[in-house]
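[1] Sequence and computational prediction follow.
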Protein chains: 2
Amino acid sequence: MTPRYDILGIGNAIVDVLAPVPEAFLSKHGMHKGAMALIDADTAQRLYEDMPAGQESSGGSAANTCAVAANLGASVAYLGLVADDVLGHVFRHDITAAGVHFPTPSATGTAPTARCLIMVTEDGQRTMNTFLGACVNFGEDDLNEAAIAGAAVTYMEGYLFDPPAAQAAFKRAAAIARAAGRKVSLSLSDAFCVHRHRAAFRALVAEDVDILFANETEITALYETNSFAEAAAWARRDVALAALTRSESGSTIIAGGDTFEIAAVPTKVVDTTGAGDAYAAGFLTAWTKGLSLDKCGKLASIAAAEVISHFGARPQRPLGNELAQL
Amino acid sequence: MTPRYDILGIGNAIVDVLAPVPEAFLSKHGMHKGAMALIDADTAQRLYEDMPAGQESSGGSAANTCAVAANLGASVAYLGLVADDVLGHVFRHDITAAGVHFPTPSATGTAPTARCLIMVTEDGQRTMNTFLGACVNFGEDDLNEAAIAGAAVTYMEGYLFDPPAAQAAFKRAAAIARAAGRKVSLSLSDAFCVHRHRAAFRALVAEDVDILFANETEITALYETNSFAEAAAWARRDVALAALTRSESGSTIIAGGDTFEIAAVPTKVVDTTGAGDAYAAGFLTAWTKGLSLDKCGKLASIAAAEVISHFGARPQRPLGNELAQL
């Protein structure tokens, strides 16, 4: 059956609060630069009070990927849990306005919409602190089976391994997709997330994932090696298709015996928030349109370059022409 | 007595929702490009539903000025009304984090925190739609007399003439400042705002204003002339000091018999939101530090160039060195 969607994303539905900070702010708060830490409501409040004036925009890793993919011209749906509050309305507005179908109803319960406090240092690196809020309740009941079965690729973020019930939902979504003859794609999200859930990730990657996204620190964390080449060799054995990103050094696409080296698109780096999400969006959009793997990598790099050239994780200009030009 | 603050700002406390739109979006909704329109709650809801994904950040004209001035190194306080809701907390956090003293307690009542839906077209121009919310109740009771009497300059935005009770508060604040031997500064804010309240503005400018800020369309609207030179001549007669801005053509500072032409600082224009606010911040910061008028204009132009180089009305980098370098 022809897919109803090119891409269906599942992830933590989060509103970002971005602020520029000096390096000292990270050490003062014991943050690991470039990483994502989970924080509770009290810590979120304390940290917010100490952080500079910010800028709010819808985020969430897979949600960013969905928004970018829709901007690029893919047909996209998203599943994720927000509360019925102001930030939940902002999230719903933004992803819908981006052209993404978002069928998940708002959570009842008292947990507020999740937020991520993102510190951007002068080198453009982002360091994230996530209060999961309503996302902790995302579970199998929140899966929309028809949407998953109707999507060419179901794309999930590794961060889903953190909320207690989401890991089961993750496995179930993969099973639905595979039963419908669709593809399953995963982003490893964060090296610390990989460390927290390595065994589960390893099993999932080997058993259920067709298309894997990871950056250098994530893929080496997954396979517990210091060698990118060695990690890449493991990935080549585990998944049909892997896209491994290396910041300004570009990315390596691995598919069976084939390897494609993709150059990064040069740009002034303002804020790397969403770089990996946008890369996955470009890749999957091109892939679902049947383009060659080097063109998938090219569109991925173009999308990533757009979002790192400004504050915030979603594009600030229409990208529809980029696909057509390939 | 030595002033406790360099600048005290009074204005509508607003959270901005910024989104890039095509030109056609403005005509579809009957918007005047570059202007500010007042909208009610229902219209705000309808317009929000139709607008693209946005980015939220604290705004409000005088509040922007205060945040930029504090960033530049001035000692600043602000008076304005937010509700006790999520956006109100965002506003309070951001202005406080910017280093601005914000003594106004949150409004009780049911009106939510004001928001401004800002459409940014590809030329960087912004078109604003303001739902005033809690700001409509700002009145004389919300003035902090000690803060006003203790500020070298009380700076007010012309937009304060729109909420019913604020105009009286405006007059009262000017009287308090003058009685304490302080200066009163006004920004005309918007040509349509000037048209709505021309007689009141004329009287105020002639009677109570020491330092006037206006752009070309605003100053010509005030004096009902098509000639910038003629409008400038009127301003020279009405106020001790006027800074008249002309976008990329720079600005003209008028002080008695003296005139200073200030060049704009060249930059890539991404979003003009807050350009005039930042200009006033740079000018007043330099002025309260005792710098010469050409240096006041220079710092004003530097601050304006920073905020138009990115999305959003407040600086994304520390500007403290700019003052020192002058």
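    Received the coordinates, thanks.

[2] Tell me where chain A has helices.
    Shown for chain A, the helices assigned by DSSP state H span residues A:23-28, A:41-50, A:61-72, A:86-97, A:145-149, A:166-179, A:191-196, A:198-208, A:216-222, A:228-238, A:275-288, A:293-308, A:320-325.

[3] mind checking which of the ones you listed is nearest chain B?
    In terms of C-beta to the nearest C-beta, the element of those nearest to chain B is helix A:86-97, at 3.7 Å. Yep, even glycine has a C-beta here, placed from its N, CA and C like the rest.

[4] Near chain B, which residues of the stretch 1-150 of chain A are found?
    Residues of the stretch 1-150 of chain A lying near chain B by C-beta under 8 Å from any C-beta of the partner chain: A:19-20, A:48-49, A:51-58, A:67, A:85-87, A:90, A:93-95, A:97-98.

[5] and these, which are buried?
    A:19-20, A:48, A:51-58, A:67, A:85-87, A:90, A:93-95, A:97-98 (16 or more other C-beta atoms under 10 Å in any protein chain shown).

[6] most tightly surrounded among the helices of chain A?
    Of all these, helix A:61-72 has the most neighbours on average by mean count of other C-beta atoms under 10 Å in any protein chain shown, namely a mean of 31.

[7] the inter-axis angle of it versus helix A:86-97?
    30 degrees (axes from the mean of the first three to the mean of the last three C-alpha atoms, to 10 degrees).

[8] for helix A:61-72, packing partners?
    strand A:5-10, strand A:76-79, helix A:86-97, strand A:151-157, strand A:183-187, helix A:275-288, helix A:293-308, helix A:320-325 (3 or more C-beta pairs under 8 Å, 6 or more residues apart in numbering or on different chains; DSSP states H and E).

[9] the inter-axis angle of the fifth one versus helix A:166-179?
    Angle, strand A:183-187 to helix A:166-179, by the same axes, to 10 degrees: 150 degrees.

[10] Setting aside sequence-adjacent positions, which residue approaches the residue nearest to the spatial centre of chain A most closely?
    Closest to where the C-alpha atoms of chain A average out (C-alpha atoms, centre = their mean) is residue A:61, at 3.1 Å. Nearest residue to residue A:61, sequence neighbours excluded (C-beta to C-beta, 6 or more residues apart in numbering or on different chains): residue A:157, at 4.1 Å.

[11] residues touching the closest residue to residue A:283 other than its chain neighbours, list them.
    Of all residues not flanking residue A:283 in the chain, residue A:300 sits nearest, at 4.0 Å (C-beta to C-beta, 6+ apart). With contact set as C-beta atoms under 8 Å, 6 or more residues apart in numbering or on different chains, residue A:300 has these partners: A:243, A:251, A:262, A:278-283, A:286.

[12] hang on, the earlier thing: so the residue nearest to the centre of chain A touches residue A:159, yeah?
    Yes - under the criterion of C-beta atoms under 8 Å, residue A:61 makes contact with residue A:159 at 5.8 Å.

[13] and for the two, which residues touch both?
    Counting by C-beta under 8 Å, 6+ apart, the contacts common to residue A:61 and residue A:159 are A:11-12, A:189.

[14] Closest to residue A:315 out of the residues you listed?
    Nearest to residue A:315 among the shared contacts of residue A:61 and residue A:159 is residue A:11, at 17.9 Å by C-beta to C-beta.

[15] How confident is the prediction for the closest one, by pLDDT?
    Note for residue A:11: predicted pLDDT of 98.

[16] so how many other residues sit close to it?
    29 (other C-beta atoms under 10 Å in any protein chain shown).

[17] Right, and chain B sits closest to which residue of the stretch 151-300 of chain A?
    For the stretch 151-300 of chain A, C-beta to the nearest C-beta, closest residue to chain B: residue A:270, 8.0 Å.

[18] Count the residues that sit near that residue.
    17.

[19] hang on, the earlier thing: residues in contact with the residue nearest to residue A:61?
    Residue A:157 sits next to A:9-12, A:60-62, A:65, A:186-187, A:189 when contact means C-beta under 8 Å, 6+ apart.

[20] try 6 Å
    A:11, A:61-62, A:187, A:189 (C-beta atoms under 6 Å, 6 or more residues apart in numbering or on different chains).

[21] Quick check: of these, which lies closest to residue B:220?
    When the contacts of residue A:157 are compared against residue B:220 (criterion: C-beta to C-beta), the nearest one is residue A:61, at 50.2 Å.

[22] What's the separation between the closest one and residue B:5?
    Per C-beta to C-beta, to the nearest Å, residue A:61 is found 43 Å from residue B:5.

[23] ditto for residue A:16
    From residue A:16 to residue B:5 the distance is 33 Å (C-beta to C-beta).

[24] Among these two, which residue is more densely surrounded?
    residue A:16 (27 against 24).

[25] Quick one: name the residues of the stretch 201-326 of chain A near chain B.
    Selection of the stretch 201-326 of chain A residues close to chain B by C-beta under 6 Å from any C-beta of the partner chain yields A:312, A:316.

[26] any weak-confidence spans in the stretch 201-326 of chain A?
    Residues of the stretch 201-326 of chain A meeting the criterion pLDDT under 70: none.

[27] run the last query once more with 90
    Low-confidence segments of the stretch 201-326 of chain A (pLDDT under 90): A:316-318, A:326.

[28] what does the stretch 51-200 of chain A give?
    Judged by pLDDT under 90, the stretches of the stretch 51-200 of chain A that qualify are A:109, A:164.

[29] ok, the nearest residue to residue A:258 once chain neighbours are set aside - contacts?
    The shortest distance from residue A:258 to any non-neighbouring residue, by C-beta to C-beta, 6+ apart, is to residue A:293 (7.3 Å). Residues in contact with residue A:293 (C-beta under 6 Å, 6+ apart) are A:253, A:255, A:260.

[30] switch the cut-off to 10 Å
    By C-beta atoms under 10 Å, 6 or more residues apart in numbering or on different chains, the residues touching residue A:293 are A:241, A:243, A:253-255, A:258-260, A:262, A:283, A:286-287.
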